[in-house]
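Visitor: no sequence for this one, just the structure:
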């Protein structure tokens, strides 16, 4: 036994003897006695005294780390990398005479045997990797979910690399005509489907974990942050898609890098709550993810029909704001103002809206009693329903309030 322990035991014995001298003194010394017993020594057995174990430091942080690691271990086997390949021109060096247009007498001034080359395209192509993205498995037999902009090039070829390093040629089964989502198919079996969560239950501040093929180079890159915003409407741009408005997306500060597009955004249970889709290029760690509940309908549609079928009302509209309502003296301060544009009329002929009696300059204020607001658009509400569903439209026509009934149809091919 060390000298330090002997001193501590002797000191404890003196205190205990003093405390036993009387009940009055005991009531003062009892707390000290308990403190010494708890902090300095613990009796394991007669004649054996050991130091008391110390409480682990940062226990909450350790629990949090375990939760993050557990979520990644659950979600990572479903994450895939998508490589985009394409036949591109093979640029060669071709002979070039910069003096060709000079008169012969001047050419002689530059001597003989000079040789020049310049890049030229002889029509020869070669297969090259031109980009990359991410995705995740949604069925054991090879359905892969990703962003539409990842697989937008119909002339490209797509290869999927699973978490265990296996390589599969992929075919694009469906591209959503409205949302930035698409589904691929690979010939495989026994894949690990991701567990899909409930994005309607997501709360501000909860942990968000992004996994994907960062920069098209670093596969299974993990970044952690929080949900920073809900129901954002953003306009995203890309070389193949141009500008596209994405509605109702989740905002997160978990780092989403180029190449992460199409990968999952997880919660601490390892469930997919969103599909990483865009970043704000002029900011630090402002990324956006499509809520998984928007994607579930597309996944179910592909499983049932082999394509993505979306419900369709058939109007063009402008989201009403208080400022617009005041300037244009509108009868409602929120809603969808049915109004035509350069690309077409306000109400599509023979559409569900036309059949229901909707006309230009109507303001649709609610669908099945759910109000349209600055954060809840008509398109978002319509996407909650299925083809064939009957919906009730609350409409302001001037000062009149109307109730119209429409039967949603499949969106026609664009």
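Guide: Looks like it came in fine. Treat the numbers as computed from the prediction; the structure is a model and nothing was measured. Numbers count the residues shown, from 1 in each chain.

Visitor: buried ones in stretch 166-173?
Guide: 168, 170, 172-173 (16 or more other Cβ atoms under 10 Å). Backbone N, C-alpha and C define where each C-beta goes, glycine included.

Visitor: these in strands, which ones?
Guide: Of those, the ones assigned to strands by DSSP state E are 168, 170, 172-173.

Visitor: what's stretch 135-145 in contact with?
Guide: The contact list for stretch 135-145 (Cβ atoms under 8 Å, 6 or more residues apart in numbering) reads 75, 78-82, 146, 150, 160, 162, 168, 170, 173, 181-194, 196, 262-264, 272, 275, 295, 299, 302-303.

Visitor: tell me the secondary structure at residue 64.
Guide: Of the three states, residue 64 takes helix under DSSP: H, G, I helix; E, B strand; the rest coil.

Visitor: for it, grab the count of nearby residues.
Guide: Look at residue 64: counted by other Cβ atoms under 10 Å, it has 14 neighbours.

Visitor: ok, now which ones touch it?
Guide: For residue 64, the contact set (Cβ under 8 Å, 6+ apart) is empty.

Visitor: ChimeraX command to pick out the buried ones of the contacts of stretch 135-145?
Guide: This is how ChimeraX selects the buried members of the contacts of stretch 135-145, with burial counted by 16+ other Cβ under 10 Å:
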select :75,78,79,80,81,82,146,150,160,162,168,170,173,181,182,183,184,185,186,188,191,192,193,194,196,262,263,264,272,275,295,299,302
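
Visitor: the contacts of stretch 135-145 in helices, which ones?
Guide: Members of these lying in helices (criterion: DSSP state H): 75, 295, 299, 302-303.

Visitor: closest one of those residues to residue 350?
Guide: residue 302 (27.1 Å; Cβ to Cβ).

Visitor: okay, the closest one and residue 143: tell me how far apart.
Guide: 7 Å (Cβ to Cβ, to the nearest Å).

Visitor: what is in contact with the two at once?
Guide: In contact with both residue 302 and residue 143: 173, 183, using Cβ under 8 Å, 6+ apart.

Visitor: so which bits of stretch 341-356 are buried?
Guide: 346-348, 351-354, 356.

Visitor: before we move on, what about stretch 405-414?
Guide: 406, 408-409, 411.

Visitor: any chance of the buried residues of stretch 341-356 in a markdown table, with pLDDT, secondary structure and distance to residue 255 too?
Guide: Listed next are the buried residues of stretch 341-356 as a markdown table, based on pLDDT from 0 to 100; DSSP: H, G, I helix; E, B strand; the rest coil; distance: Cβ to Cβ, whole Å:
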| residue | pLDDT | secondary structure | distance to residue 255 |
| --- | --- | --- | --- |
| 346 | 92 | coil | 42 |
| 347 | 93 | strand | 44 |
| 348 | 93 | coil | 41 |
| 351 | 94 | coil | 42 |
| 352 | 95 | helix | 42 |
| 353 | 95 | helix | 42 |
| 354 | 94 | helix | 46 |
| 356 | 94 | helix | 46 |
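
Visitor: turn those into a markdown table, columns for distance to residue 133.
Guide: As requested, the buried residues of stretch 341-356 are arranged in a markdown table below (distance: Cβ to Cβ, whole Å):
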| residue | distance to residue 133 |
| --- | --- |
| 346 | 37 |
| 347 | 37 |
| 348 | 33 |
| 351 | 34 |
| 352 | 35 |
| 353 | 35 |
| 354 | 39 |
| 356 | 40 |
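
Visitor: export the ones in strands among the buried residues of stretch 166-173 to TSV and tack on distance to residue 367?
Guide: As requested, these are arranged in TSV below (distance: Cβ to Cβ, whole Å):
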residue	distance to residue 367
168	41
170	37
172	32
173	30
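
Visitor: okay, the residues you listed in TSV with distance to residue 234 and pLDDT next?
Guide: As requested, these are arranged in TSV below (distance: Cβ to Cβ, whole Å; pLDDT from 0 to 100):
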residue	distance to residue 234	pLDDT
168	32	93
170	27	91
172	24	92
173	26	91
